[in-house]
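J.: pasting the sequence and the predicted coordinates here, then a few questions.
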Number of protein chains: 2
Amino acid sequence: MTAKPTMNDVALRADVSLGTVSKVLNGDPTVGAELRDRVFDACAQLDYQHNRIAASLRSRQTRTIGIIIPDILNTFYAALVEKLENLASASGYTVMVVTTGEDAGRAAARIEILKQRQVDGMIVIPSLNASEGLEKTVGSGMPCVVVDRVSAENPFPSVATDNVDAAYQGTRYLLSLGHKHIALAANSPKLWNTQERIAGFEQAMREGQGRADVRIVGMTAEEARVSIGSLFREADRPTALFTANNLVTLGAVSAQLDCGIDIPSDVSLLAFDDFEWLRLLRPAISAIQQPIDQIAVDAWRLVFQQISKRPISGQHVRAGAQLVIRQSTAAIRGTSRRVG
Amino acid sequence: MTAKPTMNDVALRADVSLGTVSKVLNGDPTVGAELRDRVFDACAQLDYQHNRIAASLRSRQTRTIGIIIPDILNTFYAALVEKLENLASASGYTVMVVTTGEDAGRAAARIEILKQRQVDGMIVIPSLNASEGLEKTVGSGMPCVVVDRVSAENPFPSVATDNVDAAYQGTRYLLSLGHKHIALAANSPKLWNTQERIAGFEQAMREGQGRADVRIVGMTAEEARVSIGSLFREADRPTALFTANNLVTLGAVSAQLDCGIDIPSDVSLLAFDDFEWLRLLRPAISAIQQPIDQIAVDAWRLVFQQISKRPISGQHVRAGAQLVIRQSTAAIRGTSRRVG
DNA sequence: TCTTTGATATGAAACGTTTCATATTTTCAG
DNA sequence: CTGAAAATATGAAACGTTTCATATCAAAGA
């Protein structure tokens, strides 16, 4: 008998029934101290290893959750996954991470696989174009939380930064520095979070009577670099640039180096999404910091409440962001620019 | 009958046996075209969803692999995971990602869980101090590949950058610029990859008759910032700094800003590990680029060969790195060459 | 015509747990 | 001491697949 020991072997060794072993291993209190010890001893002696696949089949729960994200190299999603993995582990869950590359078809296929694997729940960041069919592909019986990109008619509990307010506050800050002509560089208006950021920006600009300039610069840093490069080269360029997410920021910084633009004396730069490198750039980039930790905590709570069929509190969370002022944003000088 | 349809329901509907349905779904060629079509029709009509948990229990394979990494925020590991997830998915596997935070105990616990979940294989980056017991905790029956941190007595197939050579080449490059006094800032000598990088550095320095200065600066960017800060403030500071991984580079850049050191005129900086932001810094940082894609491909191949019990080719892969020269490394003034 | 062969299809027995109705023992009020 | 209730232990029946030995049937070889 070189095969792996099963619960049955443990039962034989401990001279108790199979059911008793199961109870002990699941911490059922209706088992006496004596038998419990015998079972633990037997487990140790046999080097027994619990088979969670068999357990999952019978109990109909896998203690597994699926995480669907566009791309793990984006620090925002990576940070989210890191935090979620910790939270899940702490509750005895294991995560299955799946990336979509912003491809709706691939997202649907991956979600299908996660369902076949009987995940207990899902935490999903919808891909471009995919938020429509999400209810169909995820299925209404599946505990699910939508994160970051929340559409108006999203049927699932959701968590996201309060994008409208965050963009509004950021824009007001730029206005308060005296900027009148401000551009918002956004990745794609198809994304709900981007729409919200645009809305917040436009509202603040209306109120501040500034000249709003919304530019759609594409989903990748490289596309953004090109688009923002031509923006920088326009004769009548804005005095401040607000980048709507971290990839766009990357493109903006790159474009700035390409064009020999000086920040902040030529253009002030404010980034949506903060991450470590922003404070190491020279000048360090001012940023709107999303509350990633809180988003992760709420996302986990919402999916866990659904899994354990508990009443769900706060179905639609909007977390407040924070403005971190560094060196890339400066008050505009006089009426016309001068480079010091 | 509101419960999910099972294979049995499909069999009833298609008027075939249970075994036949299983065969069809697994692409067994010994089933006739007529029945196959009936089965597919029935699946579609019932909206049948394959239960991979049950399949796994019986077939004793889960088509799941565990990925054990120290930290998903480190872009090196994130890139590895991204690539591995794609490779695995393409072969019908799903990944379970688990982070250790460089904690050997946590690593062991997570590995235990992955074993309980019956993963078919593991790809592991050993945590600090943990490479010793790896064989014990992973178990010798488990298909496993060790990545990035490969100890001398590592019993598993392995893939890593050729660290000795990479560090050697990088150091020779710095020497070729005329630097005599060069520091290597390394995170921890307990890490095998760091040891190798130190070895390559020292060998090149011996050959070049330079003054080698190996500094252990700690595992986090913040620790590195402090250590490198004091290095920069030493009267007799080196003219070139080689940072041994991306976190240390982060600390070095931060320290440089703290101290008002100019790169490259005061100190040349060469980074081990390349990533997007390095080319956006001013000056853009020269770097040793690890062949992440190739590492991932080999890691997947090695674990997959073990899983499918195929002969394993190239048990211990060492992948070559590439030197990317940017602006942070310059010829030393006075001594010899001038860069035009 | 009668085997033999090969191609298909079948059904029952796993896989290793959890669950639940039932059995057994213990406890304790009356 | 008795009977009921509480506490503890048991064993068989799931869970939904895959697998494998066997059955069926048509075609082919003798």
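T.: That came in fine, so what should we check first?
J.: what parts of chain A come near DNA strand D?
T.: Neighbours of DNA strand D within chain A, by C-beta under 7 Å from any atom of the strand: A:16-20, A:23, A:29-32, A:34-35, A:54, A:57-58, A:60. No exception for glycine: its C-beta is placed from N, CA and C like everyone else's.
J.: now which of those would you call buried?
T.: A:16, A:20, A:23, A:31, A:35, A:54, A:57 (16 or more other C-beta atoms under 10 Å in any protein chain shown).
J.: so A:M96 sits in a helix?
T.: No: according to DSSP: H, G, I helix; E, B strand; the rest coil, A:M96 belongs to no helix; its state is strand.
J.: report the contact partners of the spatially closest residue to it that is not a sequence neighbour.
T.: Of all residues not flanking A:M96 in the chain, A:G66 sits nearest, at 5.0 Å (C-beta to C-beta, 6 or more residues apart in numbering or on different chains). Going by C-beta atoms under 8 Å, 6 or more residues apart in numbering or on different chains, A:G66 touches A:95-96, A:98, A:111, A:114, A:117, A:119, A:121-124.
J.: secondary structure class of A:G66, three-state.
T.: With three-state DSSP as the criterion, A:G66 reads strand.
J.: any stretches of the stretch 1-150 of chain A with poor pLDDT?
T.: A:1, A:129-132 (pLDDT under 70).
J.: what residues does it have near DNA strand C?
T.: So far as C-beta under 7 Å from any atom of the strand goes, the stretch 1-150 of chain A lies against DNA strand C at A:3-4, A:6-8, A:18-19, A:21-23, A:25-26, A:48-51, A:54-55, A:57-59.
J.: any of those buried? List them.
T.: Buried among those (16+ other C-beta under 10 Å): A:6-7, A:21-23, A:25, A:48, A:50-51, A:54-55, A:57.
J.: of these, closest to B:Q256?
T.: Closest approach to B:Q256 among these (C-beta to C-beta): A:H50, at 51.3 Å.
J.: okay, A:Y48 and DNA strand D: tell me how far apart.
T.: Distance, A:Y48 to DNA strand D, by C-beta to the nearest atom of the strand, to the nearest Å: 16 Å.
J.: I figured that residue was touching A:P5, is that so?
T.: Yes: using C-beta atoms under 8 Å, A:Y48 is in contact with A:P5, at 5.0 Å.
J.: can you report how many residues neighbour A:K309?
T.: Counted with other C-beta atoms under 10 Å in any protein chain shown, residues neighbouring A:K309 total 8.
J.: for it, give me the pLDDT.
T.: The per-residue pLDDT reported for A:K309 equals 90.
J.: pick out the most distant pair among the buried ones among the residues of chain A next to DNA strand D.
T.: A:L35 and A:L57 (25.7 Å).
J.: where does the stretch 201-340 of chain A have low pLDDT?
T.: A:334-340.
J.: still on that earlier bit, so which of the buried ones among the residues of chain A next to DNA strand D are in strands?
T.: Secondary structure from DSSP state E places none of these in strands.
J.: how about the helices in the stretch 1-150 of chain A?
T.: With DSSP state H, counting those that start in this stretch as the criterion, the stretch 1-150 of chain A has helices at A:7-14, A:18-25, A:33-46, A:52-59, A:75-90, A:104-116, A:134-138.
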